[in-house]
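Sequence and predicted structure are below.
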Amino acid sequence: MEELNKQQIVLLTLLVSFVTSIATGITTVSLVTQYETPTVTQTINRVVEKTIERVVPAEVDANPVTIVKTPEKEIVTVVVKEEDLTIDSVRANTKSLVRIYEVNNKGRTFVTLGLTISENGSLIARENFFSRNKNYTGVYGDKEYELAALYQGKDDPIIIMKPIVAEGTDVSFSAVSFGEAGTLQLGQTVLSLGGVNQNEVNNGIIKSLQRSAEGESVLAINTTVSAPSIMGTILINLKGEVVGMNLGEFLDSQTFTPVETVQSYIANALTQV
């Protein structure tokens, strides 16, 4: 070492460092190879496989994008306004309401409102407005038909009439959908639909329900509906179902005959047709 000059000493030092680095690298590789376990490899494989299952390639506008699937469900909240229910309920019943006119050589005169109860156009109306020797027509929507009486009794307040349709004419009428007065609740919103020359709607709530002594059936529906006293005006709920009708059985125009009573009149009449 004493015989080496400074340049040779520097070169010798570099050589020793190089050899030492090679030896260290060989030792490190040997140790890694010796202690490698399949657990590490399996863990990595699982992560990769799970990622592949959740990532789906797709194309939008010809540009590759990545869509990640998730198990979450989308929850959509639909807000239904009372105004929308009112409009739908009225619309569902306008075609079932029939304006009845007496017809003579002087023209026609409004008599009362009728309610369509079957697809063949049969309707019910307050009985005491009709005479057997007079002619009547009914306006269903925008079409007018001559009416023929099918039933006119003395035991109940209704008459059943049917439109006279030309033979071979294929026509279907909009029958009413009846609800249940027995399910009505105090404070529940209800609507009246009537009008002489055009449809008129009034809204209100159930003020009280007159029940039978046993409490099983409703005898009268008292409301806050500001409805004119037009016979045949119907009472509907926000489902579009008819729950009552003004048949002139009560002095108060805000009180309606329950639909169950109306249906009993119809059932009794049909047994005699």
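Sure, I can see it.

What strand or helix carries residue 201?
For residue 201, the host element (DSSP states H and E) is strand 200-211.

Which strands or helices does that strand pack on?
helix 82-94, strand 189-194, strand 218-223 (3 or more Cβ pairs under 8 Å, 6 or more residues apart in numbering; DSSP states H and E). No exception for glycine: its C-beta is placed from N, CA and C like everyone else's.

Report the spatially nearest residue to residue 229, omitting neighbours in sequence.
Residue nearest to residue 229 in three dimensions, not counting chain neighbours: residue 253, with 3.8 Å by Cβ to Cβ, 6 or more residues apart in numbering.

what about the helices in the stretch 151-273 of the chain?
Shown for the stretch 151-273 of the chain, the helices assigned by DSSP state H, counting those that start in this stretch span residues 259-270.

got the contact list for the residue nearest to residue 229?
With contact set as Cβ atoms under 8 Å, 6 or more residues apart in numbering, residue 253 has these partners: 227-229, 233, 246.

Equivalent analysis for residue 219, please.
Going by Cβ under 8 Å, 6+ apart, residue 219 touches 210-212, 258, 261.

isn't residue 139 right up against residue 97?
No. Counting by Cβ atoms under 8 Å, residue 139 sits too far from residue 97 to count as a contact (9.4 Å).

When those two are compared, which one has more neighbours?
More crowded of residue 139 and residue 97, by other Cβ atoms under 10 Å: residue 97, with 24 against 16.

what's across from that one in the sheet?
For residue 97, the beta-bridge partners under DSSP bridges are residue 115.

next one: residue 193
residue 201, residue 234.
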